[in-house]
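[1] with the sequence up front, the predicted model follows.
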Amino acid sequence: MTRKTYTVGQIAEALGAEAFGDAALPVTSVAEPQSAGPTDLAMATDKTYAEKLAQGQAQAAVLWQGADWEALGLKAAIVPGRPRYAMSGLTRLLDPGQGFPSGIHPSAIIDPAAEIGQNVSIGALSVVAAGAQIGDDCVIGPQCYIGWNVTLGPRALLREQVSIGARVTIGADFFAQPGVRLGGDGFSFVTEDKSGIEAVRETLGDTQDTQAQGWTRIHSLGAVTIGDNVDLGACVNIDNGTIRDTQVGDGCKMDNFVHIGHNVVIGKDCLICGHSGVAGSTRVGNNVVLGGMTGVSDNIFIGDRVITGGGTKVLSSIPAGRVVLGYPATKMDKQIEIFKAIRRLPRIIADVAALQKAVFKSDRSD
């Protein structure tokens, strides 16, 4: 594979960073300091990483503010204001892509009633159904399915085997990793008479007045609406709404194996980490972060800027700005105190047992 070559100066200019030394030095890729070759840009963004530069062959590196690049034996350096943020622009610039060819593959099936924009790539064995509208500059990988009356905004990138069901609407600059599934029916079933689940909600445990019954599907008449600049990780599933659409706001990012249930509304710029799930009809505010394996109950509200730690189970609404952890979700500082108390329990139990034994002996001696 032939990689595009940039100079240190070109990369610095693209990042809005300062360049030092030989700005004409060529760069073909990035690497960790200890494994960098002569044309790699080493990521030595703090002193700990910089100590490993001598193990590699890097001639240029991304360094932290105030670093002495010459003392590190480099010929050139790039010093951004925030090195971690610079990673975003740097990796975007040097990303070799997936190698998807331009144009429409001969094996792709495009319904005559679909509308395909300019400069669109559609991969092998992909299907675009009637009424679908594909925006300009979209890249649809192999074995994807774009359903009936789907709207896909400009500059979308769908990796292989992405499935978008009927009537889904997606904004601009959408990015879907392999196996994303949008627009499946919501998990919504009902019984003819009151079910055990409904009784439990009302009584918190008493189901004596219910009987065993079969389940009947509630069909999903809504679809899914996704805003601009949304990234979905591998195997994300977002269900259709029952009557109205399930909604995901602009700028949201979801990690692998996230599940968003029917009727959920998610605000802007939320970050939802791997294996998290949000149950039906819950509303999530703006700039919310759900740590890995967070579970959110149905029909509740999570306020703006809420952060949950990994493994948190949210069973009730959370006000804006709160940081929570645990099962059930509690303010993080309180939950840490609970964890500490749990670790002390064996010693406390032993102390109580010793006290009981001493009291028992004292009672017998009287």
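    That came through fine. Residues are numbered from 1 along each chain as shown.
[2] any low-confidence regions in the stretch 201-350 of the chain?
    207 (pLDDT under 70).
[3] for stretch 173-184, which positions count as buried?
    Using 16 or more other CB atoms under 10 Å as the test for burial, stretch 173-184 gives 173, 174, 175, 176, 177, 178, 179, 180, 181, 182, 183. C-beta: built from backbone N, CA, C; applies to glycine.
[4] OK, contacts around residue 345?
    Going by CB atoms under 8 Å, 6 or more residues apart in numbering, residue 345 touches no other residue.
[5] in a helix, it, correct?
    Yes - according to DSSP: H, G, I helix; E, B strand; the rest coil, residue 345 belongs to a helix.
[6] so residue 349 sits in a strand?
    No - under three-state DSSP, residue 349 falls outside any strand and is assigned helix.
[7] from here on, call the first residue 309.
    Understood, numbering begins at 309; the last thing we discussed is residue 657.
[8] and the gap between it and residue 669?
    19 Å (CB to CB, to the nearest Å).
[9] show me which of the buried residues of stretch 481-492 is closest to residue 545.
    The shortest approach to residue 545 among these belongs to residue 489, at 4.8 Å (CB to CB).
[10] from residue 527, how far out is that closest one?
    18 Å.
[11] for the closest residue to residue 523 other than its chain neighbours, list the residues it contacts.
    Nearest in space to residue 523, with sequence neighbours left out and distances taken as CB to CB, 6 or more residues apart in numbering, is residue 497 at 4.0 Å. Applying CB under 8 Å, 6+ apart to residue 497 gives the contacts 523, 524, 525, 526.
[12] can I get these in TSV with neighbour count, secondary structure and distance to residue 552?
    Output for the contacts of residue 497, formatted as TSV (neighbours: other CB atoms under 10 Å; DSSP: H, G, I helix; E, B strand; the rest coil; distance: CB to CB, whole Å):
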residue	neighbour count	secondary structure	distance to residue 552
523	11	coil	23
524	10	strand	21
525	11	strand	18
526	15	coil	14
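[13] number of residues surrounding the residue lying closest to residue 617 once chain neighbours are set aside?
    Sequence neighbours aside, residue 633 is the residue nearest to residue 617 in space, at 3.7 Å (criterion: CB to CB, 6+ apart). As a burial measure, residue 633 scores 22 neighbours (other CB atoms under 10 Å).
[14] what bridges to residue 633?
    residue 638 (DSSP bridges).
[15] look up phi and psi at residue 641.
    phi -60, psi -40 (degrees, to the nearest 10).
[16] that one and residue 495, how far apart?
    The value you get for residue 641 to residue 495, if CB to CB is used, is 35 Å.
[17] ok, these two, which is more surrounded?
    Each of residue 641 and residue 495 has its neighbours counted (other CB under 10 Å); residue 495 has more, 14 against 9.
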